[in-house]
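In: give me coordinates for this.
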Amino acid sequence: MSQSVHLFFSHSETTKSPLESSLRQLKCHFTWNLVKGEKSLDDFEDRVCNQIEFQNREFKATMCNIIAYIKHLRGQNEAALEYLQQAEEWIQQEHTDQAEIRSLVTWGNYAWVYYHLGRLSEAQTYVDKVKQVCEKFSNPYSIECPQLDCEEGWTRLKCGRRQNERAKVCFEKALEEKPHDPEFSSGLAIASYRLDDRPEPQNPTDTLRQAIRLNPNNQYVKVLLAQKLQKMNEEDEGERLVEEALEKAPNATDVLRGAAKLYQSKGAFDKAIELLRKALDCMPHNAYLHYHIGCSYRAKVLQTLYDVEENDMNGKREKLQELIEQSVDHLKIADENSGKFSRVCSYLASLYVLADQYEEAEYYFQKEFSRELTPVAKQVLHLRYGNFQLFQMKCEDKAIHHFIEGVKINQESKEKEKIKSKLQKIAKNRLSKNAADSKALHLLAFLQELNRELQSADENSEQALGSLVSSASLAEE
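Out: Model prediction:
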């Protein structure tokens, strides 16, 4: 990880104290290995706090505990204590009848933070509090309890994709003890839904329906089922579920975000924007909401360009300009607040091209080139920037350079085929004017050699080229 993260003890392993041994037995964030495999603490925190859905009231204690752990990893242990205090307060409000058991994770985190602060007597106090509750269940420090498995499950779900499989196991274990518990069932349904894109799909439809039967008030699970039904072409039931969820939880950010995703998939961008803006009222600085609002406006820009014939564009230009401005405003906020969105600068550059603001377009194209991109994203960028040089800047040589750079990337995609077609047309156009054009002849020779290499690779491979990764871009500008 990019930051130094001290998860364990500063003392020698050979001189463990009884306190250290007790700490290792606690079930809490310090023993769950949540940051294993993470590239950076910044990415981890961004995902936990901004990307993953269900930010609502019932998960406040879970969130406070995770943020406390992150604060510790950053060396901010006093701030960690403040978040643990908030977690305790939320548990008292939301789980009055189960406050002791629900507080075990928080108390374990308290013990660890005090230990790292060198306040060992206070660390021992929280270890003893955990011990007193656990002794009721004949285990000194680590209680086998479905509520603890459930809390670990929610925590892992908040930490992102790497933790989904383990989260599913936690909820399954909890349900073994209480097979009809609404909360445990909802957790399992969400974990199964998130694992459905794995090579071995989970087919979470039945699990989602079971969760709704046990907890009809969980509106977020209804939205997830609606999204799944949409993929199965059962949109009528999905539409009904989303409308019901929005009616019963009109201000729940997880419901709003999930419903917006469904409407985006349907091409109902106005409705998606309406819902995302409503969520933005609750989370005004959330970069991901700004990003998806910006993308929805961008989709409306492209929709307008496709729908309007060229001779009718004058009547639509003002509306188009307004859509471009809205998209740019939100995408710029997303980029400034996060800087982690794939292609956002490419989107901004293309929008500025449409607005005839070429200096701004050049700035965002170069900003995108400076980022670490996937092979397909690089191809998309070279295609778009090549088009910009060819059509707006009237610089064919630069366009050719970027088209060649894009087509040299060893990744089959729609964009690569488009780039090859562009180069073919440029070469033929140049040859129509001058049959001895050396650049055009070199281009054709380059493309022929590329095709020979492709055929050779295809003959020696059992994978068809058509199954390789295709672009995730909305459209080519």
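
In: neighbouring contacts of the worst-scoring helix or strand of the chain on mean pLDDT?
Out: Here the helix or strand of the chain ranked lowest by mean pLDDT, DSSP states H and E is helix 438-459, holding a mean of 83. Applying Cβ atoms under 8 Å, 6 or more residues apart in numbering, the contact partners of helix 438-459 are 400, 404, 407, 420, 423-424, 426-428, 430-431, 434, 465. In this view, the C-beta of every residue, glycine as well, is placed from N, C-alpha and C.

In: can you check stretch 92-102 too?
Out: Contacts to stretch 92-102, defined as Cβ under 8 Å, 6+ apart, come from residues 57-58, 60-61, 91, 133, 143, 145, 147-148, 151.

In: swap in stretch 40-57?
Out: Contacts of stretch 40-57 (Cβ under 8 Å, 6+ apart): 1-3, 5, 35, 38, 63, 66-67, 70, 73-74, 94, 157-160, 190, 220, 252-254, 257-258, 283, 286-288, 338, 340.

In: CA atoms only: put it into CSV for me.
Out: C-alpha atoms of stretch 40-57 as CSV (Å, rounded to 0.1, in the frame of the first residue of the first chain):
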residue,chain,number,x,y,z
SER,A,40,-3.6,2.3,-1.4
LEU,A,41,-5.4,3.5,1.7
ASP,A,42,-6.8,6.4,-0.3
ASP,A,43,-8.5,4.1,-2.8
PHE,A,44,-9.8,2.0,0.1
GLU,A,45,-11.3,5.0,1.9
ASP,A,46,-12.8,6.4,-1.2
ARG,A,47,-14.5,3.1,-2.0
VAL,A,48,-15.8,2.8,1.6
CYS,A,49,-17.0,6.3,2.0
ASN,A,50,-18.2,7.2,-1.5
GLN,A,51,-18.7,4.3,-3.9
ILE,A,52,-20.4,1.5,-2.0
GLU,A,53,-24.2,1.9,-1.6
PHE,A,54,-26.2,1.7,1.6
GLN,A,55,-25.1,4.9,3.4
ASN,A,56,-28.4,5.1,5.3
ARG,A,57,-29.2,5.3,9.0
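
In: pLDDT (mean, whole number) over that stretch?
Out: For stretch 40-57, mean pLDDT is 80.

In: with stretch 225-244 instead?
Out: 95.

In: including distance to residue 127, could the contacts of stretch 92-102 go into a markdown table?
Out: Shown next, in a markdown table, are those (distance: Cβ to Cβ, whole Å):
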| residue | distance to residue 127 |
| --- | --- |
| 57 | 30 |
| 58 | 28 |
| 60 | 25 |
| 61 | 20 |
| 91 | 19 |
| 133 | 11 |
| 143 | 13 |
| 145 | 17 |
| 147 | 19 |
| 148 | 16 |
| 151 | 18 |
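
In: of all those residues, which two lie farthest apart?
Out: 57 and 143 (26.0 Å; Cβ to Cβ).

In: the two: who's more crowded?
Out: residue 143 (19 against 10; other Cβ atoms under 10 Å).

In: any idea which helix or strand carries the nearest residue to the more buried one once chain neighbours are set aside?
Out: Using Cβ to Cβ, 6 or more residues apart in numbering and skipping the chain neighbours, the partner closest in space to residue 143 is residue 134 (4.4 Å). Using DSSP states H and E, residue 134 sits in helix 120-135.

In: give me the residues contacting that helix.
Out: With Cβ under 8 Å, 6+ apart as the criterion, helix 120-135 contacts 19, 22-23, 26, 100-101, 104, 107-108, 110-112, 114-115, 140-143.

In: returning to what we had before: and the least confident helix or strand of the chain, how far from the chain's centre?
Out: 38 Å (Cα atoms, centre = their mean, to the nearest Å).
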